[in-house]
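Enquirer: With the sequence up front, the predicted model follows.
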Amino acid sequence: MRGQKTTSTSARTSNACYTLLLNNNAPPPPATAAAAATTTTTTTTTTTTQNLIQTNTLIHLYAKDGRLSSARRLFDGMPERNVVSWSALMAGYLHSGLSTEALSLFSSMIKAAAHAPSPRPNEYVLTTAISSCSHIRALEQGKQCHTYALKTGLDSHSHVSNALVHMYSRCSDVDGAFRIFESLPPPRANGDFFASNSIISGLMECGYLDEALGVAREAAKGVGSWDPVTFATIIGLCACLKNLKLGLQVHCQMLKRRCMDLNVYVGSTMVDFYGKCGRVASARTSFERLLLLRVQNVVSWTTMMTAYLQNGFFEEALNLFAEMQSPSNGPRPNEFTLAVVLNSCASLSSLRHGDALNAHVEKSGFGAHLVVGNALINMYSKSGSINDAHRVFAGMLHRDVVSWNSMISGYSHHGLGNEALEVFKNMLRVGEVPNYVTFVGVLSACIHLGLVNDGFYILNHLMKEMGTTPGLEHYTCIVGLLSRAGLLEEAENFMRSAPIGWDVVAWRTLLSACQVHRNFGLGKRVADLILELDPNDVGTYVLLSNMYAKARRWDGVVRVRRLMRGRDIKKEPGVSWIQVRGSTHVFVSEDKKHPQLTLIYEKLAELLMKIKLVGYVPDIASVLHDVEDEQKEEYLQYHSEKLAVAFGIINIPSVAPIHIIKNIRMCEDCHSAVRLISHVSNRKIIIRDANRFHCFEGGVCSCGDYW
């Protein structure tokens with residue numbers, strides 16, 4: 001009878017609901033009072049349930065479509081909610097990037113459950129809350145979610161535990177992530193590699209590469225169950241470690257399972273791996289495979305450009321960007337693409353390309369992105385247009401430590417020490433914490449200004465106050481600071497007493513100062529020490545030969561040259577290049593091939609005559625040949641930078657600055673000549689040599705004649 005009654009009631013309910021859907025105003029009359037009560041109650045319950053399901057479905061649809069305000073209005077108007085209602089709206093907030101709102105809703109759900117018969121969070125709601133904490137790296141709120149999971153027993157669910165591992169990893173709490181990870185079954189046991197992927201990524205982000213490799217080795221025991229995300233995670237670790245052998249083994253497994261064929265994320269990670277391991281050709285092959293399979297996107301294109309940039313193939317990066325711009329190739333560049341290309345321009349000191357890219361940035365609306373702004377500062381600084389770099393910096397709505405460092409280093413590299421220190425003071429004023437790179441730029445500024453006491457104060461006190469441990473670069477700056485002040489003996493004593501392992505660059509800094517201050521005895525000792533460290537250091541042979549020549553010790557010059565020939569060491573020839581109207585013109589000393597050769601030589605002779613009238617005397621002491629003075633002067637006359645300057649004056653309008661790049665250090669005679677040429681021609685001439693920028697204007701150089 002119980003079963004019959006239930007069936008009868010169910011039938012009546014079904015009929016009532018069907019009639020109600022047809023006619024909302026006239027529900028069918030019950031046969032008896034008892035039946036009426038039963039039918040009314042059942043109908044109300046069923047109608048409420050149906051309304052709840054329908055409303056939840058609408059919330060889910062609105063949230064998935066990004067119409068969260070509509071979803072929230074429906075949620076707030078619900079007379080009754082179940083766990084699905086809360087879960088659907090929270091998931092919508094999370095997937096739309098509104099993690100804070102998702103956590104606020106989770107908090108409201110817990111409060112509602114504590115004071116009324118309201119649904120409690122289940123494992124899916126809790127997973128969404130923990131994922132929200134991961135997204136915004138909210139460690140404290142994540143720990144509160146972890147506590148709730150322990151109290152309610154929800155931590156026993158694998159996706160809750162996985163989410164907790166991911167949260168702790170993302171928040172850089174490696175110990176917390178490991179505690180949970182070690183309590184889980186090995187990933188090979190159930191084929192669930194989410195937790196191991198998360199902890200490997202977290203360890204990599206925190207710099208614990210050896211620990212990440214240990215987790216990867218354990219995960220490798222279940223390689224047959226790896227999904228594309230796991231492959232991408234492991235190959236990303238190989239890229240960070242630059243472990244080519246392990247990466248090739250993983251690549252073989254990927255090819256066996258064809259997981260690169262349909263997954264652009266895995267393919268892009270493969271390109272990144274080969275790029276970081278210096279295998280540019282292999283990176284290009286992987287990229288071409290993505291193009292062939294038509295699964296490429298803006299990430300894969302940007303990754304390939306990054307591989308070119310990291311390995312010094314700057315022109316190839318620019319060419320690939322041009323290829324990407326072709327309508328037939330597809331994806332539009334994003335802010336990261338533009339940053340990579342701008343940094344390629346910076347490495348080439350290609351101001352013309354950089355200006356064109358800046359126009360593209362403004363047109364496409366990416367100018368407000370922090371990574372693009374930083375790249376623009378870097379590009380303009382390294383292309384010799386420091387005023388444009390400052391214009392970009394001043395116009396940024398938001399800055400990070402990279403922005404400040406780029407501006408400080410840019411000013412220092414141009415010899416503008418006061419401006420660099422002013423930016424540093426503003427950085428401290430706004431509360432930005434300087435880092436290792438910041439202090440390299442600040443100490444470089446002190447070198448240009450000769451601030452010995454300030455440099456030592458920064459090294460011994462300020463850096464410690466800011467939590468930065470001095471490194472080799474900072475100590476090398478102090479050597480440069482003492483050297484510029486002419487305190488060569490103090491610099492040598494500092495190097496012998498400082499608790500640091502010096503490299504060739506540091507000793508060569510002292511050697512250059514010995515040449516400038518003509519302390520040839522100390523210079524010889526330092527040169528011998530450098531050649532013990534690196535017998536193939538070309539710069540040291542050149543500096544030593546220059547010192548012998550200045551002292552008219554031709555026997556010493558001959559010995560150095562003989563030593564270079566015996567070790568098969570060749571001095572790099574001086575080359576200067578200049579861009580005019582989209583074309584790059586390259587000059588070598590005594591150039592005989594340029595189509596405007598006659599005009600260039602005539603203009604150069606005219607300029608040299610003018611500067612001799614205002615005090616120019618050729619520095620024949622720097623010529624490394626024991627020949628007559630007239631012949632030495634002729635050697636100096638046609639150095640590559642002098643030819644480039646004459647060409648620039650002929651072909652560039654007088655209102656525009658002349659930008660020249662030189663591959664080696666500018667010689668003293670050329671420096672003196674160009675400084676005076678800037679005066680007699682009333683031109684601004686910017687030359688970037690192997691050491692720094694020289695901005696010549698009005699007969700003065702930004703380096704203060706020390707470089």
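Expert: Cool, the structure landed. Source: prediction; values computed, not measured.
Enquirer: Might you calculate how far the helix or strand containing residue 144 sits from the centre of the chain?
Expert: Assigned by DSSP states H and E, residue 144 belongs to helix 139-152. Taking Cα atoms, centre = their mean, to the nearest Å, the mean C-alpha location of helix 139-152 is offset from the chain mean by 34 Å.
Enquirer: so where is the protein shaky, pLDDT-wise?
Expert: 1-48, 187-191, 259-262, 329-330, 620-634 (pLDDT under 70).
Enquirer: where do the helices sit along the stretch 551-700 of the chain?
Expert: 554-566, 597-613, 629-637, 640-651, 668-680 (DSSP state H, counting those that start in this stretch).
Enquirer: any residues touching the longest one, and which ones?
Expert: The list of residues contacting helix 597-613 from outside it, by Cβ atoms under 8 Å, 6 or more residues apart in numbering, reads 591, 594, 616, 637-638, 642-643, 645-647, 649-650, 673, 676-677, 679-681. Heads up, the C-betas are built off the backbone N, CA and C, glycines and all.
Enquirer: Would you show me how to pick out the buried ones of those in ChimeraX?
Expert: The buried residues among those can be selected in ChimeraX (16 or more other Cβ atoms under 10 Å) with this line:
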select :591,594,616,637,638,642,643,645,646,647,649,673,676,677,679,680,681
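Enquirer: ok, back up a step: in whichever helix or strand comes after the helix holding residue 144, which residues are buried?
Expert: For helix 139-152, the succeeding helix or strand toward the C-terminus, using DSSP H and E, is helix 158-170. Going by neighbour count (16+ other Cβ under 10 Å), the buried part of helix 158-170 is 159, 160, 161, 162, 163, 164, 165, 166, 167, 168, 169, 170.
Enquirer: got these as JSON lines, with distance to residue 91 columns?
Expert: Putting the buried residues of helix 158-170 into JSON lines (distance: Cβ to Cβ, whole Å) gives the following:
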{"residue": "159", "distance to residue 91": "13"}
{"residue": "160", "distance to residue 91": "15"}
{"residue": "161", "distance to residue 91": "19"}
{"residue": "162", "distance to residue 91": "16"}
{"residue": "163", "distance to residue 91": "13"}
{"residue": "164", "distance to residue 91": "18"}
{"residue": "165", "distance to residue 91": "20"}
{"residue": "166", "distance to residue 91": "16"}
{"residue": "167", "distance to residue 91": "16"}
{"residue": "168", "distance to residue 91": "21"}
{"residue": "169", "distance to residue 91": "21"}
{"residue": "170", "distance to residue 91": "18"}
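Enquirer: for those, which one is nearest residue 184?
Expert: Minimum distance to residue 184 across the buried residues of helix 158-170 is 5.8 Å, recorded for residue 161 (Cβ to Cβ).
Enquirer: can I assume the closest one is in contact with residue 155?
Expert: Yes - contact criterion Cβ atoms under 8 Å: residue 161 and residue 155 qualify, at 6.1 Å.
Enquirer: The helices of the stretch 551-700 of the chain: which one's closest to residue 91?
Expert: Here helix 640-651 is closest among the helices of the stretch 551-700 of the chain (Cβ to Cβ), at 62.2 Å.
Enquirer: Just want the angle from the closest one to helix 668-680.
Expert: 20 degrees (axes from the mean of the first three to the mean of the last three Cα atoms, to 10 degrees).
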